[in-house]
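> Predicted model follows, preceded by the sequence.
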2 protein chains.
Amino acid sequence: MARSKEFDMNLVLHKAMEVFGHYGYEGTSLPILLEGLGIARQSLYDTYGTKKDLFIKAVKHYVNEKSSAVVVYLEKSESVKEAIHAIFREIVFVLQDEDRRKECFILYSAIDQVPHEPEIAALFEEDRNRLERAFYEALVRAKHNQELSTDQDLQALARYLYHSRYTLTQVAKLTNDPKVLEEITTVTLSMLEA
Amino acid sequence: MARSKEFDMNLVLHKAMEVFGHYGYEGTSLPILLEGLGIARQSLYDTYGTKKDLFIKAVKHYVNEKSSAVVVYLEKSESVKEAIHAIFREIVFVLQDEDRRKECFILYSAIDQVPHEPEIAALFEEDRNRLERAFYEALVRAKHNQELSTDQDLQALARYLYHSRYTLTQVAKLTNDPKVLEEITTVTLSMLEA
DNA sequence: CCATTTTCGGACTAATTAGTCTAGAATGTC
DNA sequence: GACATTCTAGACTAATTAGTCCGAAAATGG
């Protein structure tokens, strides 16, 4: 028999998120990428394919992981409002952590590639459909429960929530003040109290 | 005497916004940039300096131009609410126009460079201070006029408005549907009716 | 110990990068 | 028409780019 694979796929993908998030897709050179991943050049090509392949893998992993958690929250929670608050609390919390925030910025780099990489564009279209539906259904449920009393268009509100979550990483790029993220989130979610 | 300058600085800067906005700063190669600008290589270096110099000039021009208009709106308008609506209507309108939207995306590329280019970071810090103050003072005025009846923290609301305007370009990157921008803006500004 | 596979490191290529230089054509003022 | 300046086009450099190839070291299970 032979030597067994020793790369932890998950770990490497998370490191890739950090590197791509920090330098952007085009801004990440092979040497920088390899140093960030801690593996040799040949190992990258053997195991993950080209730089673009790895980028797409990392983006898919990030988006799917986060979005799945959001869907679970929305579907399982007793209180829809509390679920939504928890979802935003989570992303704000991560963005406030000096270390954990790093990988979030791959989202920004990924959106940057939407016009140039059809696979990335398709990924976000699917993600948007999935999450907008999840938000919408949760909002409908909350309305029926009388948990929600707003008379807003729930479809529009769902879209608003979907994009608001993602735009927090842009806000985080513009300021390091953790308070700002909280303030903005507070205002954003006050929408649910109308 | 001699031949006179023939480049229209404004025109070239706007073309630069479109190119950098489309390809991103790192994604824009010299050949692509020159073709987009419609000038020769040497003319670029003679007139605008390096690629980075031109990028920074274009970003500054874009941000200052747009933000100055916002400040004017906020200071001169009779109705603060109407001014804010007009400000958002304007950006949504531009983002809906197939041609005019192109240059808006330099904002996205610029924010991408905030962690790497101190001059860009300083520009946004100044811009944020200026606009948050302008929004805040307008909101205070509206509150005194009884035009605004919300009991939100006006400082937080000002920050929210500042970032909401900028995040619209991220939304525009994710979808071409012009209706989405309107919907999201409607929800965003419904905040003022609380 | 052996066979197999993984990993590594460095050499290598071909293309592309930003930026400089040069020579000449175009343009405007006197 | 003479002169100063701008603009262009292309050659050129030195560095960097992504990706391939090769040989040896390391590790694993039989």
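Cool, the structure landed.
> Just to check, A:Gly21 is in contact with A:Ala110?
No - proximity of A:Gly21 to A:Ala110 does not meet the contact threshold set by Cβ atoms under 8 Å, at 9.0 Å. Where C-beta positions appear, they are placed from N, C-alpha and C, glycine not excepted.
> ok, then the element right after the helix or strand hosting A:Arg89?
Secondary structure assigned from DSSP states H and E places A:Arg89 in helix A:80-96. Later in the chain than helix A:80-96, the nearest helix or strand by DSSP H and E is helix A:101-104.
> Spatially nearest residue to the spatially most central residue of chain A (excluding sequence neighbours)?
Centroid-nearest residue in chain A, with Cα atoms, centre = their mean: A:Val63, separated by 4.8 Å. In this structure, A:Val63 finds its nearest non-sequential neighbour in A:Asp127, 5.5 Å apart by Cβ to Cβ, 6 or more residues apart in numbering or on different chains.
> same deal with A:Glu119?
Nearest residue to A:Glu119, sequence neighbours excluded (Cβ to Cβ, 6+ apart): A:Ile56, at 5.6 Å.
> now do A:Arg141
A:Val80 (6.0 Å).
> now A:Leu174
Nearest residue to A:Leu174, sequence neighbours excluded (Cβ to Cβ, 6+ apart): B:Phe124, at 5.8 Å.
> where does the one you found land on pLDDT?
In the predicted model, B:Phe124 carries a pLDDT score of 98.
> burial measure for it, as a count.
20 (other Cβ atoms under 10 Å in any protein chain shown).
> Please report the distance of whichever residue of chain A sits closest to chain B from A:Glu147.
Closest residue of chain A to chain B, Cβ to the nearest Cβ: A:Thr167 (3.6 Å). Shown here: A:Thr167 relative to A:Glu147, a distance of 25 Å by Cβ to Cβ, to the nearest Å.
> neighbour-wise, which of these two wins?
A:Thr167 (24 against 16).
> In contact with that one: list those residues for me.
For A:Thr167, the residues meeting the contact criterion (Cβ atoms under 8 Å, 6 or more residues apart in numbering or on different chains) are B:163, B:167, B:170-171.
> For A:Met17, state which of these is nearest.
Taking Cβ to Cβ as the measure, A:Met17 sits nearest to B:Gln170 out of these, at 18.4 Å.
> returning to what we had before: so what touches the helix holding A:Arg89?
A:66, A:69-70, A:73-74, A:76-77, A:100-101, A:104, A:135, A:138-139, A:141-142, A:145, A:147-148, A:161, A:164-165, A:168-169, A:172, A:178, A:181-182, A:185, A:188-189, A:192.
> mind listing what's buried in it?
Buried residues in helix A:80-96, defined by neighbour count with 16 or more other Cβ atoms under 10 Å in any protein chain shown: A:80-81, A:83-85, A:87-88, A:91-92, A:94-96.
> can you check stretch A:104-119 too?
When burial is assessed from 16+ other Cβ under 10 Å, stretch A:104-119 yields the following buried residues: A:104-114, A:117.
> Looking at that stretch now, give me its mean pLDDT.
If you average the pLDDT over stretch A:104-119, you get 98.
> close to DNA strand C, is that stretch?
No - between stretch A:104-119 and DNA strand C, judged by Cβ under 7 Å from any atom of the strand, nothing touches; the nearest distance is 13.4 Å.
> Quick one: list the elements packing against the helix or strand containing A:Glu132.
Secondary-structure element containing A:Glu132, defined by DSSP H and E: helix A:118-144. Applying 3 or more Cβ pairs under 8 Å, 6 or more residues apart in numbering or on different chains; DSSP states H and E, one finds that helix A:118-144 makes contact with helix A:51-76, helix A:80-96, helix A:106-112, helix A:154-174.
> Flag the shaky bits of chain A, pLDDT-wise.
Low-confidence regions of chain A, defined by pLDDT under 70, span residues A:1-2, A:6.
> Specify the local secondary structure of A:Gln152.
At A:Gln152, secondary structure determined by DSSP: H, G, I helix; E, B strand; the rest coil is coil.
> That one contacts B:Val187, correct?
Yes - at 6.6 Å, A:Gln152 counts as touching B:Val187 under the criterion of Cβ under 8 Å.
> Looking at those two, which is more packed in?
Between A:Gln152 and B:Val187, counting by other Cβ under 10 Å, B:Val187 is the more crowded of the two (24 against 17).
> who in chain A is up against chain B?
With Cβ under 8 Å from any Cβ of the partner chain as the criterion, chain A meets chain B at residues A:22, A:24, A:26-27, A:108-109, A:111-112, A:114-116, A:124, A:128, A:152-153, A:155-157, A:159-160, A:163, A:166-167, A:170-171, A:173-175, A:180, A:183-184, A:186-188, A:190-191, A:193-194.
> of these, buried ones?
When burial is judged by neighbour count using 16+ other Cβ under 10 Å, the buried members of the residues of chain A next to chain B are A:22, A:24, A:26-27, A:108-109, A:111-112, A:114, A:124, A:128, A:152, A:156-157, A:159-160, A:163, A:166-167, A:170-171, A:173-175, A:180, A:183-184, A:186-188, A:190-191.
> mind checking which of the helices and strands packed on helix A:118-144 is nearest DNA strand D?
Comparison of the helices and strands packed on helix A:118-144 against DNA strand D by Cβ to the nearest atom of the strand identifies helix A:51-76 as nearest, at 3.6 Å.
> what does chain A put close to DNA strand D?
Counting by Cβ under 7 Å from any atom of the strand, the residues of chain A lying close to DNA strand D are A:1-4, A:6, A:28-32, A:41-42, A:45, A:50-52.
> Which of those residues are buried? Put it as a PyMOL command.
Selecting in PyMOL just the buried members of the residues of chain A next to DNA strand D, where the criterion is 16+ other Cβ under 10 Å, is done with this command:
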select buried, chain A and resi 28+51
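> farthest-separated two in the residues of chain A next to DNA strand D?
With Cβ to Cβ as the measure, no two of the residues of chain A next to DNA strand D lie farther apart than A:Met1 and A:Ser29, at 37.1 Å.
> which ones are touching A:His116?
Under the criterion of Cβ under 8 Å, 6+ apart, the contact partners of A:His116 comprise B:Gly27.
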